[in-house]
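J.: Give me coordinates for this.
(one chain, ligands or ions: 1)
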Amino acid sequence: MSVPSLSHYINGERVSAKAEHASENPSDTRDIVARFPDGRASEVDAAVAAARKAFPAWAESSPEVRSDFLDRIGNIILERREQLGRLLSREEGKTLPEGIGEVARAGRIFKYFAGEALRRHGQNLASTRPGVDASTTREAVGVFGLITPWNFPIAIPAWKSAPALAFGNTVVLKPADPTPATAAALADIIYEVGVPPGVFNMVFGGAAVGEAIVKHPGVDGISFTGSQATGAKVGMGAMARQARVQLEMGGKNPLVVLDDADLDRAVMCALDGSFFATGQRCTASSRLIVTNGIHDKFVEALAAKAAALKVGDALETGSQVGPLVNQVQMEKTLSYLEIAGKEGGRLLTGGKQLKLDKPGWYVSPAVIADTSQDMRVNREEIFGPVASTVRVKNYEEALQIANSGEFGLSAGIVTTSLKYARHFQHNIRAGMVMVNLPTAGVDYHVPFGGTRRSSYGAREQGFAAVEFYTQVKTAYVWG
Ligand code: NAD
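T.: Coordinates of the predicted model:
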């Protein structure tokens, strides 16, 4: 099978450049998914210029026009969910059902924002001055730079570009370098429906392309999802020139299990949250904080279930956990298992590189018991199939530990006590709280984001997206 060479999308045209990089299938590294170029500053300039030129007409177009485009994009994504899901799983490594599920979600996001494009946001306010009307309207901002990670290679570009376009902005997307082919498939669909040239542009590349977008004076706002370290740089770069900025970053999400929990439900929540999508979700449960009375039963049952998970090629039927996305992520995961061992953690199961019948970045799901909050495995994001357990005496201690650390994205509790569930909902320092549900797995029509160093700026997704992708104008009229 010939390997496709991907092109940037600038001003409605595919712009070819030397394809210096390869995107590999992490389930079988002999399989090259695509070759792709590294963008240059001149290509970022051209993409921003095209987006600026397209902005006035797109912003002034009828919301029905934008709504129809988004609806058509959503429908095509949904129709092609199997094919796109296969591409996504082949390139990123999540299992095929997970890949198809993510594609379907991206399609639904476009259809949701097709509706939102029609909603008028504004208020009529009583002026304090007789004879004067005061009102607010929301306007498009301009050109948005969208910088995305590899772990949701279609859903995250969708949840940034759909609201940006719905509210009349134009965009320059820089997808993550491990997953360019999935982003290219989305760009193809956006142009297939006839979106005007320059409305949506995409430039491949790594940090240098991201930096060029962040610094570019023609870019009015930056929406970034990725690691905390990169987010800090993006935030500083955007603030230096007063561009609006939104950062969605890492997590170290706690799942609290109380003595009164339904054991099966607690194990299901931990298994799903910690290991599905190979633990490569910003909302993954990585700290399992368990009260004494249920601790031993829970840890034993979880280790048995984790050991029984089938790790394999993302595209093979029956695989429950795919590979890590690349060698760097695999080595990072294995290095944390070593660190945990040195710090006194007890590895109950997994944590080994698996040699299957093909070369890939496979690691068996790991459960590490007897850890404490001061250990690095409980403070730093690993982003792999690793869960550590912390034994606590009661709910109060569980809450205090859950609230420790610098991240605050998602947090969960498994309990049959309304009193503790409600207290946790109100007192956990996280942007999203789950009761008797895994910490990962969110709806697309409600706000998404965290507290502390997990997020910065306005919330993403659902009705919250209007905050970031529009600006308010206040009008006073006398006459
Ligand atoms: P990353 O920070 O390495 O890269 C993210 C994006 O930023 C990529 O497109 C990358 O090329 C680009 N980039 C790198 N350096 C840059 C720079 N100096 N300036 C501008 N852009 C730059 O993250 P990753 O490894 O792709 O993704 C994994 C991370 O993403 C994890 O930390 C995970 O928690 C986080 N994540 C967060 C959310 C969320 O919504 N909170 C969702 C998914 C993933």
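
J.: how does this structure divide into domains?
T.: 8-249+445-478, 253-435 (automatic domain parsing).

J.: From the chain's centroid, how far away is the first one?
T.: Yep, that's domain 8-249+445-478 we're talking about. 12 Å (C-alpha atoms, centre = their mean, to the nearest Å).

J.: For residue 335, what is the enclosing helix or strand?
T.: helix 327-342 (DSSP states H and E).

J.: ok, that helix near the ligand or not?
T.: No. Helix 327-342 stays clear of the ligand (C-beta under 6 Å from any ligand atom), getting no nearer than 7.8 Å. C-beta: built from backbone N, CA, C; applies to glycine.

J.: Counting by contacts, list what that helix packs against.
T.: Applying 3 or more C-beta pairs under 8 Å, 6 or more residues apart in numbering; DSSP states H and E, we find helix 327-342 packed against strand 346-349, strand 362-363, strand 366-369, strand 386-392.

J.: now, of these, which is deepest in the fold?
T.: Neighbour counts (mean count of other C-beta atoms under 10 Å) averaged over each of the helices and strands packed on helix 327-342 peak at strand 366-369, with a mean of 27.

J.: Just want the residue of this protein that's nearest the ligand.
T.: For the chain, the residue positioned closest to the ligand under C-beta to the nearest ligand atom is residue 210, at a distance of 2.1 Å.

J.: Residue 174 is in contact with that residue, correct?
T.: Yes. The pair residue 210 / residue 174 is scored as a contact, 5.5 Å apart, by C-beta atoms under 8 Å.

J.: can you list the residues of the stretch 51-200 of the chain near the ligand?
T.: Residues of the stretch 51-200 of the chain lying near the ligand (C-beta under 6 Å from any ligand atom): 147, 148, 149, 150, 151, 152, 174, 176, 177.

J.: Throw the residues you listed into a markdown table and include secondary structure, pLDDT and neighbour count, thanks.
T.: Below are these laid out as a markdown table (DSSP: H, G, I helix; E, B strand; the rest coil; pLDDT from 0 to 100; neighbours: other C-beta atoms under 10 Å):
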| residue | secondary structure | pLDDT | neighbour count |
| --- | --- | --- | --- |
| 147 | strand | 98 | 26 |
| 148 | coil | 98 | 27 |
| 149 | coil | 98 | 22 |
| 150 | coil | 98 | 23 |
| 151 | coil | 98 | 26 |
| 152 | coil | 98 | 25 |
| 174 | strand | 98 | 29 |
| 176 | coil | 98 | 24 |
| 177 | coil | 94 | 18 |
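
J.: nearest to residue 42, of those residues?
T.: Nearest to residue 42 among these: residue 174, at 14.9 Å, using C-beta to C-beta.

J.: any idea how far that closest one is from residue 191?
T.: 17 Å (C-beta to C-beta, to the nearest Å).

J.: do residue 123 as well
T.: 37 Å.

J.: what about these two, which has more around it?
T.: residue 191 (17 against 11; other C-beta atoms under 10 Å).

J.: Could you check the helix or strand containing that one and say which residues are buried?
T.: Residue 191 is part of helix 180-192, with elements assigned from DSSP H and E. Judged by neighbour count using 16 or more other C-beta atoms under 10 Å, the buried positions of helix 180-192 are 180, 181, 182, 183, 184, 185, 186, 187, 189, 190, 191.

J.: Next, format the domains of the chain as a markdown table and append distance to residue 1.
T.: What follows is the domains of the chain, written out as a markdown table (distance: least, C-beta to C-beta, whole Å):
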| stretch | distance to residue 1 |
| --- | --- |
| domain 8-249+445-478 | 9 |
| domain 253-435 | 14 |
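
J.: Which of those domains sits closest to residue 2?
T.: With C-beta to C-beta, the closest approach to residue 2 among these belongs to domain 8-249+445-478: 10.2 Å.

J.: what is residue 247 paired to in the beta sheet?
T.: Applying DSSP bridges to residue 247 gives these bridge partners: residue 224, residue 456.

J.: which residues touch it?
T.: Shown in contact with residue 247 (C-beta atoms under 8 Å, 6 or more residues apart in numbering): 224, 225, 231, 234, 235, 455, 456, 457.

J.: which stretches of the stretch 251-400 of the chain have low pLDDT?
T.: In the prediction, the stretch 251-400 of the chain carries no residues with pLDDT under 70.
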